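Asks: A structural model of the following input is requested.
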Amino acid sequence: MTKKEDCKWLNSAVFYQIYPQSFNDTNGDGIGDIPGIIEKLDYIQSLGCDAIWVNPCFVSPFNDAGYDVADYYKVAPRYGTNADLKRLFKAAHKKGMRVCLDLVPGHTSIDHPHFQKSCQPGKNEFTNRYVWVDNPWGWDDPDSAGGVKTVHGYGNRHGAYVTNFFWSQPAINYGFAKPDPNMPWQLPATHPDCRATAEEMKNIMRFWLDMGVDGFRVDMAFSLIKNDPGKRATIALWKSVRKMMDKEYPGAALIAEWFKPSEAIPAGFHVDFFRMGHDDNMLRGEKEVRLDLPGDAPCYFRKKGQGDISGAMAELTGYLRKMKPGGYVGFFTGNHDVSRISVGRSQKEVELVFAFILTMPWVPFVYYGDEIAMRYQDIPSKEGGYGRTGSRTPMQWSDGKNAGFSSARADKLYLPVDAKYKKLNVEHQEKNPRSLLNRVRQLTALRKEFPALQADGKFDILYSKPNKYPLIYMRSSGKQKILVAINPSGKSTKTIVQIPGVESIENLINAGSVELKHNNGNFSIEMDRVSYGVFELKG
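Replies: Purely as a prediction, here's the structure:
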């Protein structure tokens, strides 16, 4: 495996995640499209974002919003054409930006031609390309089926197919690391048909890389090979993919949805997301992650000050130490699967979350609309979104018709626009220098200006105690030192830390009254409630 220098651009990158059906509609059909993304590239760049992650945009019946792919080689007509996507790549590259697509390698739609052929009773090239148990009645108990979920009664094949998620998403067969000899339908990962599956995935990637894409975010990357304790076989599979990319497409990025960098980075991924929401209640309360959305769940980044971030910081530090020089941690403000960060927060509190995410030693991902604190909407499910649907509503561009998202009739929109869009939109915040939008721009500009704040910058925790506030850390690169102090709680704090060799302090951002005093290496940091500060220390 080559080192991460092949994707050095990730060090300073700030990603912008786009849910294409809800971003910008240029043809008036009520659904966002690829020309709409091209139209807004200048806006994305103005945020300080120089890379884009586009959710699945391929042909699909959209039972799971495009995560049920029926043709990996063709853009869904509602978004445009392959030529439009190629045009997006070229337009982004002209602006010095990169585009990554969402790859869903673990399952397809039941409409995929390969699956339809695997349903046939006679043996053919695709019989083993999906995981089928040899019992047409399936099993109600997953344990009796080797730990997999099955759907029976579909097609004329003598068997039942395995699913990864919804019933309409049959699992593609990459094999089993430890096949059960009593279950002959469990093929080893070394079986020729399973290897053919892996080669097809590489061919799909080559197709889009040849067209100009800059990499992939891989959905459920950990799940391909079944019954794989320790993920050794899965890691070996992804190493082979990374080897192909390094040889044929150096500089292209591989981003995992694995949530375990200690496995994903050795597997060959350049980035894996770090999850701190479930156990440490960092950005979202545990119920909120499940989209119950109470808005007042115990959470470190809330005024009630009931969360604990110390364990997460220790875990992150361990990951960073072990990964170098292999890859990066990624972290997002939100995405299509979780609640909006605005739930239960004022604009000031959302700004503080951005200050944290944009000054940490990882690759940050901004979910479209979070930069203006778009709200979660309590609306009916659409395309398998269920509780997630409320985080996928149309982007609010202006106070014009449909928030500037589309010229279509309101009842033709992909999802309804937030009723408060006239006061909560990009155009409105553009005019206010103290808006969240403009503060996000200021924070991304700092990250670009100071190497210490980028992913490769050194990270030292100065104050992070169990169930205590604030959080204080140092970012450094060479002689450059940046101090970041964050107090999300509703109480003022006073903290003393030791930082030797400081002669002067430059205030880069001070939001909410943060006062630093230093004497012979002892720093007294006084912080008002819900406040943060970013300071350059010179010595």
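
Asks: what about the helices in the stretch 1-150 of the chain?
Replies: Listed in chain order, the helices found in the stretch 1-150 of the chain under DSSP state H, counting those that start in this stretch are 34-39, 41-46, 82-94, 113-118.

Asks: pretty sure residue 493 contacts residue 472?
Replies: No - the pair residue 493 and residue 472 fails to qualify as a contact (Cβ atoms under 8 Å) at a distance of 9.7 Å. Quick note: C-beta positions are derived from backbone N, CA and C, even for glycine.

Asks: those two: who's more crowded?
Replies: Regarding residue 493 and residue 472, a neighbour count based on other Cβ atoms under 10 Å identifies residue 472 as having more, with 23 against 20.

Asks: average pLDDT for the particular helix or strand that has residue 441 in it?
Replies: Counting by DSSP states H and E, the element that carries residue 441 is helix 436-449. Confidence over helix 436-449, taken as the mean pLDDT, stands at 98.

Asks: adding distance to residue 312 and mean neighbour count, write the helices of the stretch 1-150 of the chain out as TSV.
Replies: As requested, the helices of the stretch 1-150 of the chain are arranged in TSV below (distance: least, Cβ to Cβ, whole Å; neighbours: other Cβ atoms under 10 Å):
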stretch	distance to residue 312	mean neighbour count
helix 34-39	33	22
helix 41-46	29	16
helix 82-94	33	17
helix 113-118	40	17
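
Asks: can you say which of those helices is nearest to residue 530?
Replies: Distances from residue 530 to each of those were compared using Cβ to Cβ; the shortest belongs to helix 41-46, at 26.7 Å.

Asks: I figured residue 235 hits residue 263, correct?
Replies: Yes - between residue 235 and residue 263 there is a contact under Cβ under 8 Å: 6.4 Å.

Asks: nearest to residue 174, of the helices of the stretch 1-150 of the chain?
Replies: Nearest of the helices of the stretch 1-150 of the chain (Cβ to Cβ): helix 113-118, 13.7 Å.

Asks: counting by contacts, list what that closest one packs against.
Replies: In this structure, helix 113-118 packs against no helix or strand, with contacts taken as 3 or more Cβ pairs under 8 Å, 6 or more residues apart in numbering; DSSP states H and E.

Asks: show me what it is in contact with.
Replies: Outside of helix 113-118, the residues within contact range by Cβ atoms under 8 Å, 6 or more residues apart in numbering are 70-71, 108-110, 124-130, 132, 157, 161, 170.

Asks: out of those, flag the one nearest to residue 88.
Replies: For residue 88, the nearest member of the contacts of helix 113-118 is residue 71. The distance, counting by Cβ to Cβ, is 18.5 Å.

Asks: how many other residues sit next to the closest one?
Replies: One way to gauge burial is a neighbour count; for residue 71, by other Cβ under 10 Å, it gives 15.

Asks: same thing with residue 412?
Replies: Residues within reach of residue 412, counting by other Cβ under 10 Å, total 14.

Asks: need the nearest residue in space to it, chain neighbours excluded.
Replies: Distances taken as Cβ to Cβ, 6 or more residues apart in numbering put residue 30 closest to residue 412, at 3.9 Å, once the chain neighbours are dropped.

Asks: remind me which residues of this protein are low pLDDT?
Replies: 1-5, 139-145, 277-281, 285-297, 324 (pLDDT under 70).

Asks: mind redoing it with 80?
Replies: For the chain, applying pLDDT under 80 flags the ranges 1-6, 138-147, 276-298, 323-326.

Asks: now do the domain split for it, please.
Replies: For the chain, the domain assignment from automatic domain parsing gives the residue ranges 4-105+194-447, 107-173, 452-538.

Asks: columns distance to residue 186 on top of these, output as CSV?
Replies: Formatted as CSV, the entries for the domains of the chain read as follows, by distance: least, Cβ to Cβ, whole Å:
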stretch, distance to residue 186
domain 4-105+194-447, 7
domain 107-173, 6
domain 452-538, 40
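
Asks: out of the ones you listed, which one sits most buried?
Replies: For the domains of the chain, ranked by mean neighbour count under the definition mean count of other Cβ atoms under 10 Å, the leader is domain 4-105+194-447 at a mean of 20.

Asks: for the residue nearest the centre of the chain, which non-adjacent residue is spatially closest?
Replies: Centroid check for the chain by Cα atoms, centre = their mean gives residue 332 as the closest residue, at 5.5 Å. Once its chain neighbours are removed from consideration, residue 332 has its nearest residue in residue 365; the separation is 3.9 Å (Cβ to Cβ, 6+ apart).

Asks: what do you get for residue 510?
Replies: The shortest distance from residue 510 to any residue other than its chain neighbours is 4.6 Å, reached at residue 533 (Cβ to Cβ, 6+ apart).

Asks: residues touching the one you found, list them.
Replies: Going by Cβ under 8 Å, 6+ apart, residue 533 touches 483-485, 507, 509-511, 514, 516, 527.

Asks: listing partners with orientation, what would you give for the strand or helix carrying it?
Replies: Residue 533 is located in strand 531-538, with elements delineated by DSSP H and E. Looking at strand 531-538 with DSSP bridges, its partner strands are strand 480-487 (antiparallel), strand 504-511 (antiparallel).

Asks: what's the angle between the last one and helix 436-449?
Replies: Angle of strand 504-511 versus helix 436-449, following axes from the mean of the first three to the mean of the last three Cα atoms, to 10 degrees, is 150 degrees.

Asks: any idea which helix or strand comes after strand 504-511?
Replies: Next along the chain after strand 504-511, with elements defined by DSSP H and E, is strand 514-519.
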